[in-house]
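1. here is a sequence with its predicted model. Questions after.
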Amino acid sequence: RIRHYKWEIKYEYKSPDCFKKLTITINGRSPGPTILAQQGDTVVVEVKNSLPTENTAIHWHGIRQRGTPWSDGTEGVTQCPILPGDTFIYKFVVDKAGTFLYHAHYGMQRQEGLVGTIIVSLPEGESEPFTYDHDHNILLTDWYHKSTSDQAIGLSSIPFVFVGEPQSVLINGRGRFNCSLLGPSNSVKEVCSTTNSDCSPYVLTVKPGKTSRLRIGSLTSLSTLSFQVEGHKMIVVEADGHYVEPFEVENLYIYSGETYSVLLKANQDLSRNYWITINVVGRKPSTPLGLAILNYLPNPPKTLPKTVPPPGPVWNHTSSRKSQSHAIKARHGFIQTPPPKADRVIVLLNTQNTMDGYTKWSLNNVSLTLPITPYLIALKYKLTNAFDDQTSPPENYDSANYDIYSIPRNVNATSGNAIYKLDFNSTVDVILQNANTMNPENSETHPWHLHGHNFWVLGFGDGKFDRERDGKKLNLVNPILKNTVPLHPYGWTALRFQADNPGVWIFHCHIESHFYMGMAVVFQEGVSMVGKLPSSILGCGATKGFRRP
Ligand SMILES: O=C1O[C@H]([C@@H](O)CO)C(O)=C1O
């Protein structure tokens with residue numbers, strides 16, 4: 001079956017956290033409409049770019065794009081940008097049931113609000129290995145009052161201006177900024193008003209005794225969040241479209257780019273409503289709690305609970321975040337075991353660096369700069385000189401002489417656009433290795449997202465990955481398949497995937513500013529098997545004039 005969507009992308013003034021700000025909307029909404037499809041369906045999204053002066057591209061996060069690598073929506077990698085006024089058609093098959101996301105993949109544009117959810121249901125006659133009465137979507141984001149272009153300029157200036165902590169965190173596009181921080185003047189009311197209906201809290205209505213499946217996704221720009229429902233436990237059952245061996249949590253940690261399903265039973269005191277809260281963890285927060293309401297029928301939906309909202313875990317309780325990472329395993333009966341050995345191991349040291357005075361992030365000291373001609377087109381059309389196709393980026397770092405616990409002795413990095421060429425169908429291990437930033441005693445959390453594949457999460461550990469010691473302890477029995485995974489401070493994360501999807505695929509930190517600052521690598525595999533590229537992805541860089549009307 002074909003699911004057809006027609007979208008218009010625009011800037012509109014909205015007040016998602018009560019503060020009036022230009023927001024990118026899809027058909028007037030942010031988050032945009034939820035894409036609903038069934039496994040095996042073809043989704044067609046006709047995107048009209050009505051942003052007056054900005055390009056765009058939309059990525060279908062978690063959809064593998066098998067046979068349609070040109071529909072991945074990654075500007076600079078799989079397509080030329082969609083110009084203002086142009087209409088672009090994405091067409092792809094959703095081959096796996098689960099909870100996925102979509103969002104802008106052009107610079108840091110995602111953080112202006114171009115985000116949404118994709119729900120793929122099971123084929124007729126198949127059922128989930130768990131039961132529930134209701135299905136709800138919860139999309140989490142963080143929100144800045146400065147425009148993305150303003151922020152991007154700060155990041156690429158000398159001196160460096162970081163984006164800083166977000167002004168608020170949103171639950172289904174609703175949050176609350178404390179307008180009184182802007183001062184008492186009357187004119188403030190026009191830009192910030194807590195009575196604006198845009199920022200009334202999201203209400204999740206449940207029936208007493210019933211079980212809800214909450215599909216929780218995060219598309220934050222920076223923040224790692226903890227999600228909690230006052231007085232209720234949750235059972236985690238799905239992660240990034242894969243069934244999880246169920247486990248119970250009081251709060252769910254969620255990294256940008258991840259999705260989870262949790263089951264929540266309305267089995268508490270029926271006479272009241274409850275707080276749903278999200279709070280920033282992993283970085284020292286200066287953002288207030290995000291609030292929504294869990295409404296037990298037949299109580300009035302807007303009655304605020306009289307209790308104090310649970311504050312959530314403290315931001316630097318890293319061990320509990322690691323415990324959750326360790327707890328996520330493939331569900332019994334649904335385990336797809338990984339190949340026992342890798343053909344190639346790529347170790348990626350994550351560092352913060354300087355390059356000609358600019359602040360960057362890099363992998364093995366190379367900070368990615370996307371070429372003007374998208375890789376997929378350059379490779380398919382054999383456009384030499386479109387990027388550095390002669391060298392391969394480094395497979396490792398000088399581990400023996402690198403202290404991950406200190407500021408690097410030499411913080412200089414280089415910029416590059418070379419990519420890793422993977423043998424088709426080979427098994428690849430990636431070891432993400434964290435380190436100290438350029439600030440003393442500081443190592444950050446990075447959510448890593450791979451396009452075009454799911455990977456097995458083989459393990460997490462503290463300190464430097466040691467092939468002899470840690471390589472033997474990787475989980476080859478019941479690892480979960482995911483598309484996004486955290487790299488914890490001063491730690492490592494080990495992944496395995498099969499290079500079985502012809503195309504060019506970016507692998508990057510899902511923090512918008514970090515991606516913008518070069519925290520990404522690119523893989524290519526089986527490009528000779530990629531079918532004829534649609535003319536609509538052409539037109540930029542060395543492909544000017546390639547496009548047929
Ligand atoms: O990329 C980043 O830069 C800042 C800080 O390290 C320098 O201001 C920060 O917290 C980041 O995540």
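-> It's in. Just so we're clear, the structure is a prediction, and the values are computed from it rather than from any experiment.
2. quick one: secondary structure of residue 383?
-> Here residue 383 is recorded as coil under DSSP: H, G, I helix; E, B strand; the rest coil.
3. what parts of the stretch 101-250 of the chain come near the ligand?
-> Proximity of the stretch 101-250 of the chain to the ligand, by Cβ under 6 Å from any ligand atom, involves residues residue 162. In this view, the C-beta of every residue, glycine as well, is placed from N, C-alpha and C.
4. report the closest residue of the stretch 101-250 of the chain relative to the ligand.
-> residue 162 (4.1 Å; Cβ to the nearest ligand atom).
5. ok, that residue touching residue 155?
-> Yes. Look at residue 162 against residue 155 with Cβ atoms under 8 Å: they come within range, at 7.2 Å.
6. need the residues touching each of these two.
-> residue 513 (Cβ atoms under 8 Å, 6 or more residues apart in numbering).
7. which one of those two has more residues nearby?
-> Using other Cβ atoms under 10 Å as the criterion, residue 162 and residue 155 rank with residue 155 on top: 19 against 12.
8. residues touching whichever residue of the stretch 201-350 of the chain sits closest to the ligand, list them.
-> Per Cβ to the nearest ligand atom, residue 283 is where the stretch 201-350 of the chain lies closest to the ligand, at 6.8 Å. Contact analysis of residue 283 by Cβ under 8 Å, 6+ apart lists 165, 222-224, 315, 444-445.
9. who in the chain is up against the ligand?
-> 162, 352, 437, 439, 444, 513-514.
10. including secondary structure and neighbour count, could the contacts of residue 283 go into TSV?
-> Shown next, in TSV, are the contacts of residue 283 (DSSP: H, G, I helix; E, B strand; the rest coil; neighbours: other Cβ atoms under 10 Å):
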residue	secondary structure	neighbour count
165	coil	16
222	coil	23
223	coil	28
224	strand	25
315	coil	16
444	coil	23
445	coil	22
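11. which stretches in the chain count as helices?
-> For the chain, applying DSSP state H gives helices covering 148-155, 188-191, 318-327, 375-380, 512-516.
12. can I get those helices in JSON lines with mean pLDDT?
-> Below are the helices of the chain laid out as JSON lines (pLDDT from 0 to 100):
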{"stretch": "helix 148-155", "mean pLDDT": "98"}
{"stretch": "helix 188-191", "mean pLDDT": "86"}
{"stretch": "helix 318-327", "mean pLDDT": "98"}
{"stretch": "helix 375-380", "mean pLDDT": "98"}
{"stretch": "helix 512-516", "mean pLDDT": "98"}
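13. for the chain, name the helix or strand with the lowest mean pLDDT.
-> Ranked by mean pLDDT, DSSP states H and E, the helix or strand of the chain with the weakest confidence is helix 188-191, at a mean of 86.
14. could you list everything the nearest residue to residue 91 once chain neighbours are set aside pairs with in the sheet?
-> Distance criterion Cβ to Cβ, 6 or more residues apart in numbering; nearest residue to residue 91, sequence neighbours excluded, is residue 44 at 4.9 Å. Residues in a beta bridge with residue 44, per DSSP bridges, are residue 4, residue 91.
15. burial check on residue 371, number of neighbours?
-> By other Cβ under 10 Å, the residues close to residue 371 number 22.
16. against the ligand, how distant is it?
-> Here the criterion is Cβ to the nearest ligand atom, to the nearest Å. By it, residue 371 lies 23 Å from the ligand.
17. check residue 23 too.
-> Residue 23 is 24 Å from the ligand, by Cβ to the nearest ligand atom.
18. count the residues that sit near that residue.
-> 20.
19. mind listing what the residue of the stretch 101-250 of the chain closest to the ligand touches?
-> 154-155, 513.
20. picking that back up, ok, residues contacting the least confident helix or strand of the chain?
-> Contacts of helix 188-191 (Cβ under 8 Å, 6+ apart): 19-20, 179, 182.
21. just the buried residues of the residues you listed.
-> Buried residues within the contacts of helix 188-191, counting neighbours by 16 or more other Cβ atoms under 10 Å: 19-20, 179.
22. now render the residues you listed as JSON lines, adding pLDDT.
-> As requested, the buried ones among the contacts of helix 188-191 are exported to JSON lines (pLDDT from 0 to 100):
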{"residue": "19", "pLDDT": "97"}
{"residue": "20", "pLDDT": "97"}
{"residue": "179", "pLDDT": "94"}
